[in-house]
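Novice: below are the sequence and a predicted model for it; my questions follow.
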Amino acid sequence: MTQTFQHVSYLWDEAEAARLAGDEVALLIYRSNLLGADLRLTNYGGGNTSCKVLETDPLSGQPTQVMWVKGSGGDLGTLKKSGLAALYMDRLQALKNRYRGLEFEDEMVELFNHCIFDLSSKAPSIDTALHAFLPFAHVDHLHPDAAIAIAAAKDGERITRELFDGQIGWVPWRRPGFELGLELERCLAENPGIRGIMLGSHGLFTWGDTAYESYVNTLEVIERCADYLEENYGKKGPVFGGQTVEIVENHRRQAAQLAPVLRGFCSSETRMVGHFSDDERVLQFINSDDLTRLAPLGTSCPDHFLRTKIQPLVLDLAPAADLSDVAALKEKLAPAFEAYRRVYTDYYETCKHANSPALRDPNPVVILWPGVGMFTFAKDKQTARVAAEFYGNAINVMRGAEAISEYTALPRQEAFDIEYWLLEEAKLQRMPKPKPLTGRVALVTGSGGGI
């Protein structure tokens with residue numbers, strides 16, 4: 001059966017699904033890859049999926065229910081079986097008896113390891129409980145821009161209820177973890193028969209009895225969100241308050257000239273590599289009247305600001321500025337970088353806890369130059385490019401939320417508690433150490449006559 005969608009891609013191949021029939025884990029991986037292939041459904045590395053199946057317990061030989069769920073790290077678009085965690089459902093349910101409350105929530109992640117069924121499993125993620133406590137065979141948790149725009153809107157709960165006629169539940173913002181899993185379970189108990197749950201400022205949960213039903217349900221819900229946004233763009237006035245800056249004709253040449261200078265500032269602590277973006281959505285935002293109001297608010301979805309920092313640096317530099325005098329240019333830009341570092345350090349000092357990790361690099365990840373484009377800086381080219389994608393997601397969210405209501409960002413303390421979460425720090429510490437040439441750029445020539 002062919003489905004028609006305008007805002008998302010329907011990629012289900014019945015022949016491929018028939019080939020995988022009877023293997024629910026293979027169908028989970030197939031569904032996950034399809035969802036991850038469309039960045040309108042979820043961002044790179046974001047979201048997770050699961051299925052619950054009967055397996056034979058290797059110790060007792062008896063059938064037991066097992067949940068296969070995307071493990072920590074990785075990307076849905078390239079997910080393989082090695083990227084899944086498999087856990088005993090009865091043990092996951094039993095963890096409710098071990099839960100000591102919100103203050104001790106983080107200790108539950110370690111206990112997930114005692115629930116592992118497949119000894120070759122990927123490490124379970126903090127979202128494991130969110131899937132375990134929803135009783136459906138197949139569950140999708142995604143971060144679609146269209147849904148987050150509603151989830152991050154001031155009137156998001158009301159809009160969700162009215163848009164879906166009560167068929168999508170609502171759970172207010174809660175940091176991912178065991179408590180959020182329990183809140184999802186309560187929401188479902190209080191709203192039997194719903195087809196999904198919107199997470200305030202975060203994302204979307206949807207489900208189905210089969211991999212296909214879950215896939216189509218997910219697409220239909222996101223499509224409806226996108227339709228609603230499309231119906232409302234321009235009703236309140238021009239998008240982002242209208243354009244106040246014109247893009248200059250030679251903007252890419254300007255960007256190329258400025259990029260090395262920005263890289264130097266951003267590399268004051270660690271060598272960084274840059275990426276430049278001038279796509280339509282970026283230019284619409286950075287050239288708009290609302291830029292100065294919205295940019296300082298920061299992003300809402302945790303995945304967004306973990307990649308982009310809490311807010312961007314907006315350059316006070318004419319798009320057609322003369323960039324030929326590099327020394328004068330550095331002198332002009334230095335105060336902006338110093339101010340950004342102070343603001344970021346103040347954010348850390350104000351929000352930190354006694355056991356918070358040390359202050360990280362206070363330089364900006366995202367730099368916006370009205371009339372020209374967006375620069376992102378990170379340890380390597382891929383990470384810088386992904387940061388640009390994530391801020392593009394954040395722009396989409398702000399655009400949608402402003403069209404239907406008013407955009408709301410996470411409170412600074414909530415954002416800090418995600419960015420400097422001890423579990424997030426542990427994940428960073430597990431990453432491979434940078435190689436000797438990480439952050440360096442080499443220019444190789446040879447066609448001119450010899451090396």
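Specialist: Alright, I've got the coordinates.
Novice: count of residues packed around the residue nearest to residue 350 when sequence neighbours are not counted?
Specialist: Nearest residue to residue 350 in three dimensions, chain neighbours excluded: residue 412, at 7.4 Å (CB to CB, 6 or more residues apart in numbering). To be clear about C-beta, it is placed using only N, CA and C from the backbone, and glycine gets the same treatment. By the measure other CB atoms under 10 Å, the count of residues near residue 412 is 14.
Novice: may I see the buried residues of the lowest-mean-pLDDT helix or strand in the chain?
Specialist: Least confident helix or strand of the chain, by mean pLDDT, DSSP states H and E, is helix 422-430 with a mean of 79. Buried residues in helix 422-430, counting neighbours by 16 or more other CB atoms under 10 Å, are found at 423, 424, 427.
Novice: my understanding was that the residue nearest to residue 350 contacts residue 310; is that so?
Specialist: Yes. Using CB atoms under 8 Å, residue 412 is in contact with residue 310, at 7.2 Å.
Novice: shared neighbours of these two, which are they?
Specialist: Here residue 412 and residue 310 have 298, 347 as joint contacts, going by CB atoms under 8 Å, 6 or more residues apart in numbering.
Novice: rewinding a little: identify the residues contacting the residue nearest to residue 350.
Specialist: 298, 310, 347, 350, 351.
Novice: likewise for residue 251?
Specialist: Here residue 251 is in contact with 278, 319, 371, 372, 373 (CB under 8 Å, 6+ apart).
Novice: return the distance of the second one relative to residue 21.
Specialist: Going back to what we said before, that points to residue 319. Between residue 319 and residue 21 the distance is 57 Å, computed by CB to CB, to the nearest Å.
Novice: which of these two has more neighbours?
Specialist: residue 319 (21 against 10).
Novice: can you count the residues close to the residue nearest to that one when sequence neighbours are not counted?
Specialist: The shortest distance from residue 319 to any non-neighbouring residue, by CB to CB, 6+ apart, is to residue 371 (2.6 Å). Neighbour count for residue 371, taken as other CB under 10 Å: 20.
Novice: tell me, how many residues neighbour residue 287?
Specialist: Neighbours of residue 287 using other CB under 10 Å come to 21.
Novice: need the contact list for the closest residue to residue 211 other than its chain neighbours.
Specialist: Spatial nearest neighbour of residue 211, chain neighbours left out: residue 27 (3.8 Å); criterion: CB to CB, 6+ apart. Each residue near residue 27 by CB under 8 Å, 6+ apart is listed here: 17, 20, 21, 51, 210, 211, 212.
Novice: helix, strand or coil: sort out the fourth one for me.
Specialist: Counting by DSSP: H, G, I helix; E, B strand; the rest coil, the backbone at residue 51 sits in strand.
Novice: by residue count, which helix of the chain is the longest?
Specialist: Ordering each helix of the chain by length in residues (DSSP state H) puts helix 326-351 first.
Novice: which parts of it are buried?
Specialist: 329, 333, 336, 337, 340, 341, 343, 344, 347, 348, 351.
Novice: now the residues you listed as a markdown table including pLDDT and distance to residue 76?
Specialist: Below are those laid out as a markdown table (pLDDT from 0 to 100; distance: CB to CB, whole Å):
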| residue | pLDDT | distance to residue 76 |
| --- | --- | --- |
| 329 | 98 | 42 |
| 333 | 98 | 39 |
| 336 | 98 | 37 |
| 337 | 99 | 36 |
| 340 | 98 | 33 |
| 341 | 98 | 35 |
| 343 | 98 | 34 |
| 344 | 97 | 31 |
| 347 | 97 | 31 |
| 348 | 97 | 32 |
| 351 | 97 | 31 |
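Novice: isn't there a strand covering residue 82?
Specialist: No. Using three-state DSSP, the assignment for residue 82 is helix, not a strand.
Novice: that one touches residue 121, doesn't it?
Specialist: No. Using CB under 8 Å, residue 82 is not in contact with residue 121; the gap is 9.0 Å.
Novice: the more surrounded of these two?
Specialist: Using other CB under 10 Å as the criterion, residue 82 and residue 121 rank with residue 121 on top: 21 against 10.
Novice: which SS state does that one fall under?
Specialist: With three-state DSSP as the basis, the three-state label of residue 121 is coil.
Novice: excluding sequence neighbours, find me the nearest residue to it.
Specialist: Residue 121 sits nearest to residue 85 (CB to CB, 6+ apart), 4.4 Å away.
Novice: need the contact list for the residue nearest the centre of the chain.
Specialist: In the chain, the centroid-proximal residue (CA atoms, centre = their mean) is residue 303; its distance is 3.0 Å. Each residue near residue 303 by CB under 8 Å, 6+ apart is listed here: 43, 45, 46, 143, 390.
Novice: shaky segments in this structure?
Specialist: Residue ranges of the chain with pLDDT under 70: 1-2, 446-451.
Novice: can you list contacts of stretch 351-362?
Specialist: 269-270, 340-341, 344-345, 348, 412-413, 416-417, 420, 422, 425.
Novice: if we go to 10 Å?
Specialist: Residues from elsewhere that reach stretch 351-362, judged by CB atoms under 10 Å, 6 or more residues apart in numbering: 266-270, 272, 309-310, 337, 340-349, 377, 379, 411-417, 419-422, 424-426, 428-429.
Novice: dump stretch 238-245 to PDB, restricted to CA.
Specialist: Provided in PDB are the C-alpha atoms of stretch 238-245 (Å, rounded to 0.1, in the frame of the first residue of the first chain):
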ATOM      1  CA  PRO A 238       6.300  38.100   8.000                       C
ATOM      2  CA  VAL A 239       8.300  35.100   9.100                       C
ATOM      3  CA  PHE A 240      10.800  36.200  11.800                       C
ATOM      4  CA  GLY A 241       9.400  39.700  11.600                       C
ATOM      5  CA  GLY A 242      10.600  40.200   8.000                       C
ATOM      6  CA  GLN A 243      14.000  40.800   6.500                       C
ATOM      7  CA  THR A 244      16.100  43.800   7.700                       C
ATOM      8  CA  VAL A 245      19.400  42.800   6.100                       C
END
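Novice: can you give the distance from it to the centre of its chain?
Specialist: In terms of CA atoms, centre = their mean, to the nearest Å, the centre of stretch 238-245 is set 26 Å apart from its chain centre.
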